[in-house]
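A.B. asks: fold the stuff below for me.
(chains A and B)
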Amino acid sequence: KAGVTQTPRYLIKTRGQQVTLSCSPISGHRSVSWYQQTPGQGLQFLFEYFSETQRNKGNFPGRFSGRQFSNSRSEMNVSTLELGDSALYLCASSLGSPGFDTQYFGPGTRLTVL
Amino acid sequence: AQSVAQPEDQVNVAEGNPLTVKCTYSVSGNPYLFWYVQYPNRGLQFLLKYITGDNLVKGSYGFEAEFNKSQTSFHLKKPSALVSDSALYFCAVSYRNRDDKIIFGKGTRLHILP
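C.D. replies: Have a look, this model is predicted:
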């Protein structure tokens, strides 16, 4: 079975721009979660989608948004980028709830905001 | 609010010695507890989880963890460390029927010294 894939792997943007990140889950997995990883804050939960519906959301500003398509692929969008948005963005998929089922993580997208 | 703490930012262990990576969680209901590991430039990988049943949980790569309800801890252990165990380890907690949101600790960097 193919693992979780994320594209692109690396991105460099400037302040004020917007960015879209993509995640393809493992076939059959209906839940996709997004996380932001930074050295200072560790791993912070952004949101979780299940069958195209946002089921949970973390404490991030509205500039961070996401969606899930009918094939379970998910995208995450960050508008009006700030320097503090520089981070590794990880996507994870699971069969059901990530709080119960094992999550499978992608390699991440490294976003640098200049 | 649910939370999880990893009190050590870094743990150094000599190869061949036993290792312990500590994790404690906030008291509130019956937790589900997880350990994930992140190798350099990779996403997280699942190691083990406690849902119910035996307090001692065995996982991948010879790791195990013990659920201790009285001490609200879920420490990760291995009897004999390998240099290849050097990585970043994350503990995570969720509570069934409380929106199933999973919360990750800040991570502990494990260095195995040859």
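A.B. asks: chain B contacts on chain A?
C.D. replies: Residues of chain A lying near chain B by CB under 8 Å from any CB of the partner chain: A:4, A:33, A:35, A:41-45, A:48, A:56, A:90, A:92, A:97-100, A:102-108. Quick note: C-beta positions are derived from backbone N, CA and C, even for glycine.
A.B. asks: weed out the non-buried ones from these.
C.D. replies: A:4, A:33, A:35, A:42-45, A:48, A:56, A:90, A:92, A:97-100, A:102-108 (16 or more other CB atoms under 10 Å in any protein chain shown).
A.B. asks: quick check: the gap between the nearest residue to A:Thr102 once chain neighbours are set aside and B:Ala92.
C.D. replies: Excluding the flanking residues, the one nearest A:Thr102 by CB to CB, 6 or more residues apart in numbering or on different chains is B:Phe46, at 4.7 Å. B:Phe46 sits 10 Å away from B:Ala92, taking CB to CB, to the nearest Å as the criterion.
A.B. asks: next: B:Ile103.
C.D. replies: Taken as CB to CB, the span from B:Ile103 to B:Ala92 is 6 Å.
A.B. asks: pull up the overlap in contacts between these two.
C.D. replies: Common neighbours of B:Ile103 and B:Ala92, counting by CB atoms under 8 Å, 6 or more residues apart in numbering or on different chains, are B:Val4.
A.B. asks: so between these two, which is more surrounded?
C.D. replies: B:Ala92 (25 against 20; other CB atoms under 10 Å in any protein chain shown).
A.B. asks: residues in a beta bridge with that one, which ones?
C.D. replies: Per DSSP bridges, the residues bridged to B:Ala92 are B:Phe34, B:Phe104.
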